[in-house]
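[1] Compute the structure for the input listed below.
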Amino acid sequence: MTNERRWADTSGLPPAPDATAKPVTLAHVARLAGVSENTVSRVIRDKGSIAPETRQRVNAAIEQLGYVPNRAAGSLASSSSLIIGVILPSLSNIVFPEVLRGINAGLSATPYRPMIGVTDYDLDIEHQLIASLLAWQPAAIITTGFDHTVGARRMLENSRVRVAELMDIDNAPIDLAVGLSHHEAGRAMAHHLVQRGYCNIAYVGHDWTADRRAHARYVGLCEGLAETGLSLVAECRTDQASSTLEGRKTLSNLLSGGVHIDAVAFSNDDMAVGGFMHCLAVNIAVPEELALIGFNGLEIGQVLPKPLTTVLSNRFAIGKTAVELLLAGVQRPDETVKIDTGFSIVEGATA
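    Model (predicted):
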(Lines give C-alpha, C1' and ligand atoms only; values in the text may rest on other atoms or scores of the structure.)
Protein backbone atom coordinates (compact mmCIF):
# COMPACT_ATOMS: atom_id res chain seq x y z
CA MET A 1 0.00 0.00 0.00
CA THR A 2 1.37 3.41 -0.91
CA ASN A 3 1.07 6.40 1.34
CA GLU A 4 -0.99 9.15 -0.27
CA ARG A 5 -1.02 12.77 0.84
CA ARG A 6 -3.85 15.02 -0.21
CA TRP A 7 -3.00 18.63 -0.74
CA ALA A 8 -5.35 21.55 -1.37
CA ASP A 9 -5.57 22.54 -5.04
CA THR A 10 -3.97 25.97 -5.18
CA SER A 11 -3.84 26.29 -8.96
CA GLY A 12 -6.73 28.76 -9.08
CA LEU A 13 -5.61 30.94 -6.17
CA PRO A 14 -3.72 34.23 -6.47
CA PRO A 15 -0.04 34.19 -5.51
CA ALA A 16 0.82 34.37 -1.82
CA PRO A 17 1.03 37.96 -0.54
CA ASP A 18 4.37 39.62 -0.07
CA ALA A 19 5.31 39.28 3.60
CA THR A 20 6.69 42.82 3.52
CA ALA A 21 3.47 44.33 2.15
CA LYS A 22 1.54 46.79 4.27
CA PRO A 23 -1.69 45.52 5.85
CA VAL A 24 -4.98 46.05 4.06
CA THR A 25 -6.82 49.09 5.39
CA LEU A 26 -10.30 50.53 5.27
CA ALA A 27 -9.11 52.84 2.50
CA HIS A 28 -8.15 49.88 0.30
CA VAL A 29 -11.63 48.38 0.71
CA ALA A 30 -13.31 51.71 -0.04
CA ARG A 31 -11.23 52.22 -3.18
CA LEU A 32 -11.94 48.74 -4.52
CA ALA A 33 -15.68 48.99 -3.75
CA GLY A 34 -15.91 52.53 -5.13
CA VAL A 35 -17.40 54.00 -1.95
CA SER A 36 -16.30 56.24 0.90
CA GLU A 37 -14.46 54.95 3.95
CA ASN A 38 -17.43 56.00 6.07
CA THR A 39 -19.71 53.77 3.99
CA VAL A 40 -17.37 50.80 4.48
CA SER A 41 -17.35 51.49 8.22
CA ARG A 42 -21.15 51.59 8.36
CA VAL A 43 -21.41 48.28 6.46
CA ILE A 44 -18.97 46.63 8.87
CA ARG A 45 -20.79 47.98 11.92
CA ASP A 46 -24.22 47.38 10.35
CA LYS A 47 -25.20 50.95 11.13
CA GLY A 48 -27.53 53.14 9.09
CA SER A 49 -29.30 52.55 5.81
CA ILE A 50 -27.12 50.93 3.13
CA ALA A 51 -28.34 50.02 -0.36
CA PRO A 52 -28.15 46.22 -0.93
CA GLU A 53 -25.97 46.68 -4.02
CA THR A 54 -23.53 48.86 -2.07
CA ARG A 55 -23.40 46.39 0.81
CA GLN A 56 -22.70 43.57 -1.64
CA ARG A 57 -19.84 45.50 -3.29
CA VAL A 58 -18.27 46.34 0.07
CA ASN A 59 -18.52 42.76 1.34
CA ALA A 60 -17.07 41.45 -1.93
CA ALA A 61 -14.13 43.87 -1.60
CA ILE A 62 -13.57 42.81 2.02
CA GLU A 63 -13.52 39.15 1.00
CA GLN A 64 -11.26 39.75 -2.01
CA LEU A 65 -8.73 41.75 0.00
CA GLY A 66 -8.95 39.63 3.15
CA TYR A 67 -9.59 42.74 5.21
CA VAL A 68 -9.95 42.28 8.98
CA PRO A 69 -11.63 45.24 10.76
CA ASN A 70 -9.62 46.80 13.59
CA ARG A 71 -12.19 46.64 16.37
CA ALA A 72 -9.92 48.33 18.89
CA ALA A 73 -9.40 51.33 16.63
CA GLY A 74 -13.13 51.51 16.02
CA SER A 75 -13.84 51.59 19.72
CA LEU A 76 -11.47 54.50 20.22
CA ALA A 77 -13.20 56.43 17.46
CA SER A 78 -16.74 55.79 18.66
CA SER A 79 -16.09 55.46 22.46
CA SER A 80 -17.63 51.96 22.41
CA SER A 81 -17.02 48.70 20.58
CA LEU A 82 -19.00 45.78 19.27
CA ILE A 83 -17.63 43.58 22.05
CA ILE A 84 -19.86 42.02 24.70
CA GLY A 85 -17.67 40.89 27.58
CA VAL A 86 -18.85 37.55 29.01
CA ILE A 87 -17.37 36.27 32.28
CA LEU A 88 -18.36 32.76 33.34
CA PRO A 89 -17.23 30.79 36.40
CA SER A 90 -16.76 27.53 34.47
CA LEU A 91 -17.07 25.87 31.08
CA SER A 92 -16.72 22.34 32.46
CA ASN A 93 -20.00 22.71 34.38
CA ILE A 94 -22.70 22.08 31.73
CA VAL A 95 -24.89 24.80 33.27
CA PHE A 96 -22.75 27.63 31.90
CA PRO A 97 -22.26 26.42 28.30
CA GLU A 98 -26.07 26.43 28.10
CA VAL A 99 -26.12 30.05 29.30
CA LEU A 100 -23.46 30.81 26.68
CA ARG A 101 -25.63 29.21 24.00
CA GLY A 102 -28.39 31.62 24.95
CA ILE A 103 -26.00 34.57 24.80
CA ASN A 104 -24.78 33.46 21.38
CA ALA A 105 -28.36 33.08 20.14
CA GLY A 106 -29.17 36.59 21.30
CA LEU A 107 -26.13 37.99 19.49
CA SER A 108 -26.40 35.95 16.28
CA ALA A 109 -28.46 38.49 14.32
CA THR A 110 -26.44 41.49 15.55
CA PRO A 111 -22.95 42.81 14.75
CA TYR A 112 -21.90 42.27 18.38
CA ARG A 113 -19.57 39.43 19.34
CA PRO A 114 -18.70 37.93 22.75
CA MET A 115 -15.26 38.09 24.34
CA ILE A 116 -15.26 35.29 26.92
CA GLY A 117 -13.31 34.87 30.15
CA VAL A 118 -13.49 32.05 32.72
CA THR A 119 -12.84 32.64 36.43
CA ASP A 120 -12.85 29.10 37.86
CA TYR A 121 -14.96 30.62 40.66
CA ASP A 122 -12.08 32.92 41.68
CA LEU A 123 -13.18 36.52 42.37
CA ASP A 124 -9.63 37.83 41.95
CA ILE A 125 -9.52 36.35 38.44
CA GLU A 126 -12.90 37.95 37.76
CA HIS A 127 -11.44 41.28 38.91
CA GLN A 128 -8.58 40.94 36.41
CA LEU A 129 -10.94 39.97 33.58
CA ILE A 130 -13.23 42.93 34.26
CA ALA A 131 -10.28 45.32 34.14
CA SER A 132 -9.05 43.80 30.87
CA LEU A 133 -12.48 43.86 29.25
CA LEU A 134 -13.22 47.44 30.26
CA ALA A 135 -9.98 48.50 28.54
CA TRP A 136 -11.61 47.41 25.27
CA GLN A 137 -14.57 49.72 25.96
CA PRO A 138 -17.18 46.96 25.47
CA ALA A 139 -20.81 47.67 24.76
CA ALA A 140 -21.72 45.57 27.82
CA ILE A 141 -20.32 43.11 30.36
CA ILE A 142 -22.12 39.95 31.46
CA THR A 143 -21.08 38.35 34.74
CA THR A 144 -22.42 35.54 36.91
CA GLY A 145 -23.95 36.27 40.30
CA PHE A 146 -23.61 39.26 42.61
CA ASP A 147 -20.30 38.40 44.29
CA HIS A 148 -17.41 40.62 43.14
CA THR A 149 -14.35 42.08 44.79
CA VAL A 150 -14.81 45.63 46.07
CA GLY A 151 -12.54 46.89 43.30
CA ALA A 152 -14.37 44.96 40.57
CA ARG A 153 -17.73 46.28 41.71
CA ARG A 154 -16.37 49.82 41.76
CA MET A 155 -15.01 49.43 38.21
CA LEU A 156 -18.35 48.15 36.94
CA GLU A 157 -20.35 50.84 38.71
CA ASN A 158 -18.12 53.70 37.57
CA SER A 159 -17.75 52.54 33.97
CA ARG A 160 -21.39 53.24 33.07
CA VAL A 161 -21.12 50.27 30.69
CA ARG A 162 -24.25 48.12 30.66
CA VAL A 163 -23.83 45.24 33.13
CA ALA A 164 -25.90 42.07 33.43
CA GLU A 165 -25.46 39.78 36.43
CA LEU A 166 -26.90 36.36 35.60
CA MET A 167 -28.38 33.33 37.35
CA ASP A 168 -29.65 35.08 40.50
CA ILE A 169 -32.20 37.74 41.46
CA ASP A 170 -32.02 37.49 45.25
CA ASN A 171 -29.84 40.61 45.66
CA ALA A 172 -29.57 44.13 44.25
CA PRO A 173 -27.90 44.33 40.81
CA ILE A 174 -25.49 46.96 39.53
CA ASP A 175 -27.67 47.39 36.44
CA LEU A 176 -29.58 44.32 35.24
CA ALA A 177 -30.10 40.92 36.89
CA VAL A 178 -31.52 37.98 34.94
CA GLY A 179 -32.16 34.62 36.56
CA LEU A 180 -34.19 33.00 39.29
CA SER A 181 -34.58 33.14 43.04
CA HIS A 182 -32.48 30.26 44.37
CA HIS A 183 -34.00 30.85 47.79
CA GLU A 184 -37.47 30.22 46.35
CA ALA A 185 -36.21 27.21 44.41
CA GLY A 186 -35.03 25.68 47.70
CA ARG A 187 -38.43 26.31 49.28
CA ALA A 188 -40.11 24.67 46.29
CA MET A 189 -37.93 21.56 46.72
CA ALA A 190 -39.00 21.31 50.37
CA HIS A 191 -42.69 21.72 49.57
CA HIS A 192 -42.54 19.15 46.77
CA LEU A 193 -41.01 16.50 49.05
CA VAL A 194 -43.46 17.18 51.88
CA GLN A 195 -46.42 17.05 49.50
CA ARG A 196 -45.17 13.63 48.37
CA GLY A 197 -45.40 12.43 51.98
CA TYR A 198 -41.72 12.51 52.97
CA CYS A 199 -40.94 13.77 56.46
CA ASN A 200 -37.44 12.44 57.22
CA ILE A 201 -35.58 14.67 54.78
CA ALA A 202 -31.81 15.10 54.59
CA TYR A 203 -29.44 17.25 52.55
CA VAL A 204 -26.32 16.43 50.49
CA GLY A 205 -24.29 19.36 49.20
CA HIS A 206 -21.02 20.63 47.78
CA ASP A 207 -18.70 23.58 48.48
CA TRP A 208 -20.63 26.77 49.29
CA THR A 209 -17.56 29.02 49.19
CA ALA A 210 -17.45 28.84 45.39
CA ASP A 211 -21.17 28.33 44.84
CA ARG A 212 -23.16 30.82 46.90
CA ARG A 213 -26.33 30.02 44.95
CA ALA A 214 -26.23 26.46 46.31
CA HIS A 215 -26.17 27.92 49.81
CA ALA A 216 -29.19 30.11 49.01
CA ARG A 217 -31.10 26.99 47.92
CA TYR A 218 -30.10 25.26 51.18
CA VAL A 219 -31.45 28.20 53.21
CA GLY A 220 -34.68 28.13 51.20
CA LEU A 221 -34.96 24.37 51.69
CA CYS A 222 -34.64 24.74 55.46
CA GLU A 223 -37.19 27.57 55.54
CA GLY A 224 -39.59 25.59 53.37
CA LEU A 225 -39.39 22.63 55.74
CA ALA A 226 -39.86 24.90 58.76
CA GLU A 227 -43.07 26.23 57.19
CA THR A 228 -44.48 22.70 57.42
CA GLY A 229 -43.18 22.05 60.94
CA LEU A 230 -40.19 19.98 59.79
CA SER A 231 -36.43 20.33 59.73
CA LEU A 232 -33.56 18.40 58.17
CA VAL A 233 -32.94 15.13 60.01
CA ALA A 234 -29.35 14.97 58.72
CA GLU A 235 -27.00 16.71 56.31
CA CYS A 236 -23.61 16.04 54.81
CA ARG A 237 -21.55 18.35 52.63
CA THR A 238 -18.25 17.91 50.81
CA ASP A 239 -15.74 20.76 50.65
CA GLN A 240 -15.11 19.91 47.00
CA ALA A 241 -16.80 21.27 43.87
CA SER A 242 -19.93 19.44 42.76
CA SER A 243 -19.50 16.26 40.71
CA THR A 244 -21.16 12.88 40.32
CA LEU A 245 -18.25 11.27 42.19
CA GLU A 246 -18.63 13.67 45.13
CA GLY A 247 -22.39 13.07 45.13
CA ARG A 248 -21.88 9.33 45.38
CA LYS A 249 -19.29 9.64 48.17
CA THR A 250 -21.26 12.21 50.15
CA LEU A 251 -24.52 10.26 50.08
CA SER A 252 -22.61 7.19 51.26
CA ASN A 253 -21.21 9.21 54.17
CA LEU A 254 -24.67 10.59 55.00
CA LEU A 255 -26.29 7.16 55.09
CA SER A 256 -23.54 5.72 57.29
CA GLY A 257 -24.72 7.95 60.15
CA GLY A 258 -27.52 5.59 61.14
CA VAL A 259 -30.32 8.19 60.94
CA HIS A 260 -33.58 7.10 59.33
CA ILE A 261 -33.92 9.06 56.07
CA ASP A 262 -36.63 8.68 53.45
CA ALA A 263 -35.67 11.55 51.08
CA VAL A 264 -32.54 13.50 50.18
CA ALA A 265 -32.38 16.96 48.62
CA PHE A 266 -29.13 17.46 46.68
CA SER A 267 -27.38 20.75 45.98
CA ASN A 268 -27.60 20.07 42.23
CA ASP A 269 -28.12 17.38 39.61
CA ASP A 270 -24.44 16.39 39.40
CA MET A 271 -24.52 15.46 43.07
CA ALA A 272 -27.95 13.80 42.75
CA VAL A 273 -26.85 11.63 39.81
CA GLY A 274 -23.88 10.46 41.87
CA GLY A 275 -26.29 9.71 44.73
CA PHE A 276 -28.47 7.65 42.39
CA MET A 277 -25.39 5.65 41.33
CA HIS A 278 -24.63 4.92 45.00
CA CYS A 279 -28.18 3.63 45.45
CA LEU A 280 -27.74 1.33 42.45
CA ALA A 281 -24.42 0.04 43.80
CA VAL A 282 -25.78 -0.86 47.26
CA ASN A 283 -29.28 -1.94 46.13
CA ILE A 284 -31.26 0.91 47.67
CA ALA A 285 -34.59 1.11 45.86
CA VAL A 286 -35.35 4.61 44.53
CA PRO A 287 -37.79 6.10 45.46
CA GLU A 288 -39.35 3.25 47.49
CA GLU A 289 -36.56 3.23 50.11
CA LEU A 290 -34.98 6.60 49.41
CA ALA A 291 -36.27 9.52 47.36
CA LEU A 292 -33.88 11.89 45.57
CA ILE A 293 -34.33 15.43 44.24
CA GLY A 294 -31.78 17.61 42.44
CA PHE A 295 -31.51 21.04 40.91
CA ASN A 296 -30.82 22.33 37.36
CA GLY A 297 -32.76 19.93 35.15
CA LEU A 298 -29.69 18.54 33.37
CA GLU A 299 -30.12 16.04 30.56
CA ILE A 300 -27.95 13.46 32.35
CA GLY A 301 -30.52 13.26 35.14
CA GLN A 302 -33.29 12.50 32.68
CA VAL A 303 -31.51 9.52 31.09
CA LEU A 304 -31.06 7.62 34.36
CA PRO A 305 -32.97 4.30 34.66
CA LYS A 306 -35.45 6.39 36.63
CA PRO A 307 -35.55 10.04 35.50
CA LEU A 308 -34.38 12.38 38.24
CA THR A 309 -36.89 14.55 40.07
CA THR A 310 -35.36 18.01 39.90
CA VAL A 311 -35.87 21.76 39.59
CA LEU A 312 -35.42 23.08 36.06
CA SER A 313 -33.60 26.41 35.67
CA ASN A 314 -34.09 28.15 32.33
CA ARG A 315 -30.41 28.60 31.52
CA PHE A 316 -30.69 29.23 27.77
CA ALA A 317 -33.41 31.82 28.38
CA ILE A 318 -31.25 33.55 31.01
CA GLY A 319 -28.42 34.15 28.52
CA LYS A 320 -30.64 35.13 25.60
CA THR A 321 -32.87 37.44 27.64
CA ALA A 322 -29.87 39.23 29.15
CA VAL A 323 -28.34 39.99 25.76
CA GLU A 324 -31.62 41.17 24.26
CA LEU A 325 -32.26 43.55 27.15
CA LEU A 326 -28.71 44.90 27.15
CA LEU A 327 -28.82 45.69 23.44
CA ALA A 328 -32.33 47.14 23.61
CA GLY A 329 -30.95 50.12 25.52
CA VAL A 330 -27.27 50.97 25.15
CA GLN A 331 -27.40 53.56 27.96
CA ARG A 332 -27.49 52.30 31.54
CA PRO A 333 -30.92 53.17 32.99
CA ASP A 334 -31.31 55.14 36.19
CA GLU A 335 -33.27 52.30 37.82
CA THR A 336 -31.89 48.77 38.20
CA VAL A 337 -33.93 45.90 36.77
CA LYS A 338 -34.48 42.29 37.81
CA ILE A 339 -35.88 39.76 35.34
CA ASP A 340 -37.18 36.51 36.81
CA THR A 341 -36.85 33.69 34.26
CA GLY A 342 -38.41 31.33 36.78
CA PHE A 343 -38.03 27.62 37.49
CA SER A 344 -40.24 24.56 37.43
CA ILE A 345 -40.38 21.19 39.16
CA VAL A 346 -39.58 18.24 36.90
CA GLU A 347 -41.45 15.45 38.69
CA GLY A 348 -39.34 12.62 37.33
CA ALA A 349 -39.48 9.21 39.05
CA THR A 350 -37.09 9.53 41.99
CA ALA A 351 -39.30 11.39 44.46
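[2] Can you give me the domain assignment for this structure?
    Using automatic domain parsing, the domains assigned to the chain come out as 26-69, 78-181+315-344, 182-312.
[3] Please name whichever of the ones you listed is nearest to residue 351.
    Nearest of those to residue 351, taken as Cβ to Cβ: domain 182-312 at 3.8 Å. The way it works is simple: take the backbone N, C-alpha and C, and place the C-beta from them, glycine included.
[4] check contacts around residue 88.
    Shown in contact with residue 88 (Cβ atoms under 8 Å, 6 or more residues apart in numbering): 96, 99, 100, 116, 117, 118, 119, 144.
[5] Of those, which belong to strands?
    Cross-referencing those against strands under DSSP state E gives 116, 117, 118, 144.
[6] and the residue nearest to residue 307 when sequence neighbours are not counted, helix, strand or coil?
    Spatial nearest neighbour of residue 307, excluding adjacent residues (Cβ to Cβ, 6 or more residues apart in numbering): residue 348 at 4.3 Å. For residue 348, the assignment made with DSSP: H, G, I helix; E, B strand; the rest coil gives coil.
[7] Residue 348 is in contact with residue 303, isn't it?
    No. The criterion here is Cβ atoms under 8 Å, and residue 348 misses it with residue 303 at 11.4 Å.
[8] The two: which is more packed in?
    For residue 348 versus residue 303, neighbours defined as other Cβ atoms under 10 Å are more numerous around residue 348 (20 against 10).
[9] what number of residues lie near residue 324?
    Neighbour count of residue 324, defined by other Cβ under 10 Å: 15.
[10] Just to be sure, it is in a strand?
    No. Residue 324: not assigned to a strand; according to three-state DSSP it is helix.
[11] Settle this for me: it is touching residue 107, isn't it.
    No. When contacts are counted by Cβ under 8 Å, residue 324 is not listed as touching residue 107 (9.4 Å).
[12] can you list the weak-confidence ranges in the stretch 51-200 of the chain?
    In the predicted model, the stretch 51-200 of the chain carries pLDDT under 70 at residues 69-80.
[13] From the contacts of residue 88, keep the buried residues only.
    96, 99, 100, 117, 118, 119, 144 (16 or more other Cβ atoms under 10 Å).
[14] Is the fourth one in contact with residue 84, as I believe?
    This means residue 117. No. Assessed by Cβ under 8 Å, residue 117 is found out of contact with residue 84, at 11.8 Å.
[15] for the contacts of residue 88, which one is nearest residue 34?
    For these, the minimum distance to residue 34 (Cβ to Cβ) is 37.6 Å, reached by residue 116.
[16] Give the bridge partners for residue 263, please.
    Beta bridges link residue 263 to residue 201, residue 291, judged by DSSP bridges.
[17] which residues in the stretch 251-351 of the chain form strands?
    263-266, 291-293, 310-313, 337-340, 343-346 (DSSP state E, counting those that start in this stretch).
[18] Give me the helices and strands touching the second one, please.
    Yep, that's strand 291-293 we're talking about. helix 182-195, strand 263-266, helix 269-281 (3 or more Cβ pairs under 8 Å, 6 or more residues apart in numbering; DSSP states H and E).
[19] Need the residues that contact that strand.
    Residues from elsewhere that reach strand 291-293, judged by Cβ under 8 Å, 6+ apart: 189, 192-193, 196, 198, 262-266, 272, 275-276, 279, 286, 308-311, 350-351.
[20] Then stretch 334-341?
    Defining contact as Cβ under 8 Å, 6+ apart, one finds that stretch 334-341 is touched by 169, 172-181, 313-314, 317-318, 321-322, 325.
[21] Sitting in helices, which of the residues you listed do you find?
    317, 318, 321, 322, 325 (DSSP state H).
[22] Go through those residues and say which is closest to residue 185.
    For these, the residue nearest residue 185 by Cβ to Cβ is residue 318; the value is 13.4 Å.
[23] so that closest one touches residue 176, yeah?
    No. When contacts are counted by Cβ under 8 Å, residue 318 is not listed as touching residue 176 (11.5 Å).
[24] so what's residue 157 up against?
    With contact set as Cβ under 8 Å, 6+ apart, residue 157 has these partners: residue 174.
[25] and it, what element?
    Take DSSP states H and E as the rule and residue 157 turns out to sit in helix 150-159.
[26] Who are the contact partners of residue 156?
    Neighbouring residues of residue 156 by Cβ under 8 Å, 6+ apart: 130, 141, 143, 148, 163, 174.
[27] now the contacts of stretch 334-341: which count as buried?
    169, 173-181, 313-314, 317-318, 321-322, 325.
[28] where exactly do the strands run in the stretch 1-150 of the chain?
    Per DSSP E, counting those that start in this stretch, the stretch 1-150 of the chain carries strands over the ranges 83-88, 113-118, 140-144.
[29] Tell me which of these is the most buried.
    When the strands of the stretch 1-150 of the chain are scored by mean count of other Cβ atoms under 10 Å, the highest mean neighbour count falls to strand 140-144 (a mean of 26).
[30] outside of that strand, which residues touch it?
    So strand 140-144 is contacted by 84-89, 96, 99, 103, 126, 130, 133-134, 156, 161-167, 319, 322-323, 326-327 (Cβ under 8 Å, 6+ apart).
[31] The nearest residue to residue 186 once chain neighbours are set aside: what secondary structure?
    Take residue 186 and drop its neighbours on the chain: the residue closest to it by Cβ to Cβ, 6+ apart is residue 220, 2.5 Å away. Secondary structure assignment for residue 220 (three-state DSSP): helix.
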